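sequence and predicted structure below; questions after.
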Amino acid sequence: MDDSLTLRLAQPDDLGAVDALLARSYPRLLKADYPPSIMVTLVPMIARARPELLASGRYFVVADTAGRVLGAGGYSLSSPTARGSMRPDLGHIRHVATDPDMTRQGIGRRLMQAIFATAGAEGIGRFECLSTRTAVPFYASVGFRVVGPVGVPLTPALSFPAVQMVRDA
């Protein structure tokens, strides 16, 4: 990754910048792996920054010298789809994205290294990820394995097609 890029913990006031990153990243990068019906109806629903993640101390951004956010991602202790008990040794990878003009430059890998280091310091030894179809090769390259296809519920009637993946620390 370019040395002029800075990785830091996200702050609540990064909401607009992360929203903009997701809005420009998801539609372009997912287009090859999802039909137009999903791109039009469901991608706008998932391409939104989550304020609770930005405020958690478990979400990171990578920015250039001008402050433009070019990558973001983190983890949570609670599952993005299930309510209820949490396992203190299990982390859920959340909203990892790279600017579509900056892919394959180490930004995603640097985010994942920060996630693994921070989570490891908390005692997290296993990770789950609800990956887009597009990101499966990336997550595999950082040690995740495919469990299988899943639908991520977005409304009572709509779910986003994803791939469940896991990684042991």
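Nice, thanks for sending it over.

with just CA atoms, put the strand or helix carrying residue 28 into CSV.
Per DSSP states H and E: residue 28 is located in helix 15-30. Extracted as CSV, the C-alpha positions of helix 15-30 are listed here (Å, rounded to 0.1, in the frame of the first residue of the first chain):
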residue,chain,number,x,y,z
LEU,A,15,-20.1,8.9,8.3
GLY,A,16,-20.5,11.0,5.1
ALA,A,17,-17.1,9.9,3.8
VAL,A,18,-17.7,6.2,4.4
ASP,A,19,-21.2,6.5,2.9
ALA,A,20,-19.6,8.1,-0.2
LEU,A,21,-17.0,5.3,-0.4
LEU,A,22,-19.7,2.6,-0.2
ALA,A,23,-21.9,4.4,-2.7
ARG,A,24,-19.1,4.5,-5.3
SER,A,25,-17.6,1.1,-4.5
TYR,A,26,-20.5,-1.3,-4.2
PRO,A,27,-22.3,-0.5,-7.5
ARG,A,28,-19.2,-0.7,-9.6
LEU,A,29,-17.5,-3.6,-8.0
LEU,A,30,-20.6,-5.9,-7.6
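
what lies in contact with it?
The contact list for helix 15-30 (CB atoms under 8 Å, 6 or more residues apart in numbering) reads 10, 39, 43, 46-49, 51, 54, 61, 63, 67-72, 95, 97-100, 103, 132-134. Yep, even glycine has a C-beta here, placed from its N, CA and C like the rest.

which of those residues count as buried?
Among the contacts of helix 15-30, those classed as buried by 16 or more other CB atoms under 10 Å are 10, 43, 46-47, 49, 54, 61, 63, 69-72, 95, 97-99, 103, 132.

quick one: residue 20 from residue 50, how far?
Counting by CB to CB, to the nearest Å, the separation of residue 20 from residue 50 is 14 Å.

and these two? which has more neighbours close in?
It is residue 50, of residue 20 and residue 50, that has more neighbours when counted by other CB atoms under 10 Å, with 18 against 14.
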